[in-house]
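*Asks:* what's the 3D shape of this:
(one chain, ligands or ions: 1)
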Amino acid sequence: VFDISRLGGICSKGLTLEPRAGNEGIRIWETPAGVMNSIGLQNPGVPHFIQHEMPEMLKLGPVAIANLSGSTLESYAEGAKLLDKTPVPLIELNISCPNVTKGGAAWGLTCQTAQSAVKAVRSVTSKPIAVKLTPAAANLTEVALACIDSGADALVIANSFQGIAIDIESGRPVFANVKAGLGGPAVRPMALKNVYEVVKAVNELPENKRVPVIGSGGIATWQDAVEFIMAGASAVEVGSGTFINPFAMLNIIDGLKAFMMRKGYASIEEFRGCAL
Ligand code: SIN
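*Replies:* Numbering: from 1, shown residues only. A predicted model of the protein is given here:
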C-alpha cells in the first residue's frame with residue numbers, strides 16, 4: 001500500500017511459543033469512537049515466525065520488533081531464548097493481552113507478576129526489551145517502575161482497555177470471551193494520562209535508571225502523536241488508526257515533520273515532555 005521503509009519500526013502480531021488459532025466467534029466490533037478486538041493471539045508460533053515472517057520483516061527497513069506473549073513464565077522464557085538467537089533487534093514483551101483466559105494481561109496486573117515475567121525473559125536474552133503494559137493494572141505507574149527494576153529497557157504504555165459489547169437482539173455478549181480490548185480514539189485521553197503519569201514517575205528516577213516510554217492508545221493523527229510526545233513519549237505506536245486510514249502512519253510522519261518545521265524544532269527532544 002505504501003513504502004514501509006518510511007516507518008521507524010514494525011511490530012509482529014503477538015507471538016506465543018506454540019501456534020494459536022485465536023478466539024472463536026466475533027473478533028472485531030466497531031464502536032462509535034474505536035474498535036473492540038478479541039483476536040486471542042492468533043499466531044503461527046515463535047519458531048514459524050523466526051523461519052518465515054521475521055526474515056521478510058527484517059528486509060523491509062524499519063526496526064523489526066517481535067511481540068512476545070505467553071501463558072506461563074516457562075513459555076515466555078522459551079520464546080525469548082529462541083528470539084535471542086535471531087537478528088531481531090527488539091522484543092516487545094506483551095504482558096497485557098486482554099483476550100486470553102490463561103496468562104496475557106494477567107501478568108501485567110501486579111508488580112509481582114509483571115516482575116516475574118520481565119525477569120524470566122531478561123535472564124535468557126540480551127536483546128532490548130520493551131514491556132507493553134495493561135491499563136487494567138490497579139497502579140500502572142508502580143507496575144511500570146517494577147518492570148524497570150527488573151530489567152525493562154523501555155515501556156509501552158499501554159495495551160487496549162477491557163470492555164464489553166452486548167448484542168441486543170440475542171441479549172448475549174458479542175464476544176465469546178465476554179470481554180474484549182477497546183482501542184481507538186475513545187481511549188486516547190486515558191492512554192495519554194497513563195503516559196503522562198508514567199513518564200513523570202520515570203523522570204524522578206536517577207538518570208541512569210530512566211527508560212524511554214512508547215505511547216500507544218488511539219493515536220491516529222499527527223496531532224495525537226504530538227500530544228503523546230508532549231506528555232513525554234519517546235515514540236508512538238499506531239494500531240487501530242490504520243484500519244480507518246491505511247496511510248495514517250505516513251500522515252503522522254509528514255504532519256509531525258511539518259509541525260516541527262513550523263515550530264523550529266530540530267528534534268522531538270526539544271518538545272518531548274514539555275507538558276509535564
Ligand atoms: C489479541 O490477539 O487478542 C490482541 C493482542 C493484544 O492485545 O496484545
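*Asks:* got the residues of the stretch 1-150 of the chain near the ligand?
*Replies:* Counting by Cβ under 6 Å from any ligand atom, the stretch 1-150 of the chain comes close to the ligand at 14, 37, 39, 40, 41, 94, 96, 97, 98, 99. No exception for glycine: its C-beta is placed from N, CA and C like everyone else's.
*Asks:* where exactly do the helices run in the stretch 51-200 of the chain?
*Replies:* In order along the chain, the stretch 51-200 of the chain carries the following helices (DSSP state H, counting those that start in this stretch): 54-59, 73-84, 111-122, 140-149, 188-203.
*Asks:* Please determine whether the longest one lies in contact with the ligand.
*Replies:* Just to be clear, that refers to helix 188-203. No: for helix 188-203 and the ligand, the contact criterion (Cβ under 6 Å from any ligand atom) is not met; the two come no nearer than 13.3 Å.
*Asks:* Look up the closest residue to residue 256, ignoring the ones flanking it.
*Replies:* Take residue 256 and drop its neighbours on the chain: the residue closest to it by Cβ to Cβ, 6 or more residues apart in numbering is residue 222, 4.8 Å away.
*Asks:* Neighbours of that neighbour, how many?
*Replies:* Other residues lying near residue 222 total 20 when counted by other Cβ atoms under 10 Å.
*Asks:* Low-confidence ranges, this protein, go.
*Replies:* Counting by pLDDT under 70, the chain has no low-confidence residues at all.
*Asks:* which residues in it form strands?
*Replies:* 9-11, 28-31, 34-37, 63-68, 90-94, 129-132, 154-157, 161-164, 166-167, 172-173, 179-183, 213-215, 235-236 (DSSP state E).
*Asks:* Report the contact partners of residue 93.
*Replies:* Shown here is residue 93, whose contacts under the criterion Cβ atoms under 8 Å, 6 or more residues apart in numbering are 68, 76, 80, 117, 118, 121, 129, 130, 131, 132, 152.
*Asks:* Sorry, slip of the keys, the one I care about is residue 53.
*Replies:* Taking Cβ under 8 Å, 6+ apart as the definition of contact, the neighbours of residue 53 are 12, 44.
*Asks:* Residue 267 versus that one, what's the distance?
*Replies:* 32 Å (Cβ to Cβ, to the nearest Å).
*Asks:* Spatially nearest residue to residue 119, not counting backbone neighbours?
*Replies:* The shortest distance from residue 119 to any non-neighbouring residue, by Cβ to Cβ, 6+ apart, is to residue 150 (4.9 Å).
*Asks:* Assess the claim that that neighbour and residue 118 are in contact.
*Replies:* Yes: applying Cβ atoms under 8 Å, one finds residue 150 in contact with residue 118, separated by 3.9 Å.
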